[in-house]
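Colleague: quick one: sequence and predicted model below, then my questions.
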Amino acid sequence: MRLFDYIIVCKSPDFKNVDRISQLMLLITLMALSYSLYAGLYPNPALLIAIMTSVASWWVFCVYQKIKGGAPYYRLGLVFASWGWFLLPNALLIAGVYLIAALFERQVKFPYEIAVDPAGILVNTFPKKFYPWAEINNMLIKDDYITIDFKNNKLIQKQVNEPVTEQIKSEFNAFCAEHLAKTN
């Protein structure tokens, strides 16, 4: 496990669109499974009913989490939905799409973090991005924003999640200036 000198957590964007897409996918699954039950595709539909109950229950749980102020993760409901699509005839591709959505939903909602150590900067996104100090022109925290200026004219500027004290700002900026001076 790698230890970093500084880890800066940036403000996360609102994930309403990700949640809406997940909810739409769950709704489509419930409608498709309901139709397959109505059409009589299965002589013994107990498994489909159990899957539909699981999907609906997880959806209700996620709505409850959102009301309580937590971050809802629909991935378990999407896994159940994927299983339901897998059981439907000619729906293997859709089952795969649901499974991929379940796997990536948590990664999409992961907080944007920037880790800094003497080797360089690691941006915790999907996929993780590592930048050595040699690629960076300047890096600093000012007015609760972190700015990374690259030598190839790329610029990353994010708002820091919590206010940073003046002592930590000056310590962090001195750390970055020291490592930038070493590489340049």
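Modeller: Looks like it arrived, so ask away.

Colleague: and stretch 109-126, what's buried?
Modeller: Neighbour-count burial for stretch 109-126, counted by 16 or more other Cβ atoms under 10 Å, picks out Lys109, Tyr112, Glu113, Ile114, Ala115, Val116, Asp117, Gly120, Ile121, Leu122, Val123, Asn124. All C-beta spots, glycine's among them, are computed from the backbone N, C-alpha and C.

Colleague: might one say that Phe86 is in contact with Val97?
Modeller: No: judged on Cβ atoms under 8 Å, Phe86 makes no contact with Val97 at a distance of 11.4 Å.

Colleague: residues in contact with Arg75?
Modeller: If you count contacts by Cβ atoms under 8 Å, 6 or more residues apart in numbering, Arg75 has them with Ala102, Leu103, Glu105, Arg106.

Colleague: 7 Å instead, please
Modeller: Arg75 sits next to Ala102, Glu105, Arg106 when contact means Cβ atoms under 7 Å, 6 or more residues apart in numbering.

Colleague: what is the neighbour count of Pro13?
Modeller: Close neighbours of Pro13, defined as other Cβ atoms under 10 Å, add up to 10.

Colleague: I'd guess it is in a helix, am I close?
Modeller: No: judged by DSSP: H, G, I helix; E, B strand; the rest coil, Pro13 forms no part of a helix; its state is coil.

Colleague: quick check on it: phi, psi?
Modeller: The phi and psi torsions at Pro13 (degrees, to the nearest 10) take the values phi -70, psi 170.

Colleague: if I look at it, how far off is Trp85?
Modeller: 29 Å (Cβ to Cβ, to the nearest Å).

Colleague: for Ile67, same thing?
Modeller: Taking Cβ to Cβ, one finds Ile67 at 28 Å from Trp85.

Colleague: neighbour count winner among the two?
Modeller: Taking other Cβ under 10 Å, Ile67 and Trp85 do not tie; Trp85 has more neighbours (23 against 9).

Colleague: other residues contacting stretch 22-34?
Modeller: With Cβ under 7 Å, 6+ apart as the contact definition, stretch 22-34 has outside contacts at 48, 51-52, 55-56, 59, 74, 77-78, 81, 84-85, 88, 98, 101, 105.

Colleague: go again with 10 Å.
Modeller: 15, 41, 45, 48-49, 51-52, 55-56, 58-59, 62-63, 72-75, 77-78, 80-85, 87-88, 91, 94, 97-98, 101-102, 105, 108 (Cβ atoms under 10 Å, 6 or more residues apart in numbering).

Colleague: list the buried ones in stretch 15-35?
Modeller: Buried, per 16+ other Cβ under 10 Å, within stretch 15-35: Val18, Asp19, Ser22, Gln23, Met25, Leu26, Thr29, Leu30, Ala32, Leu33.
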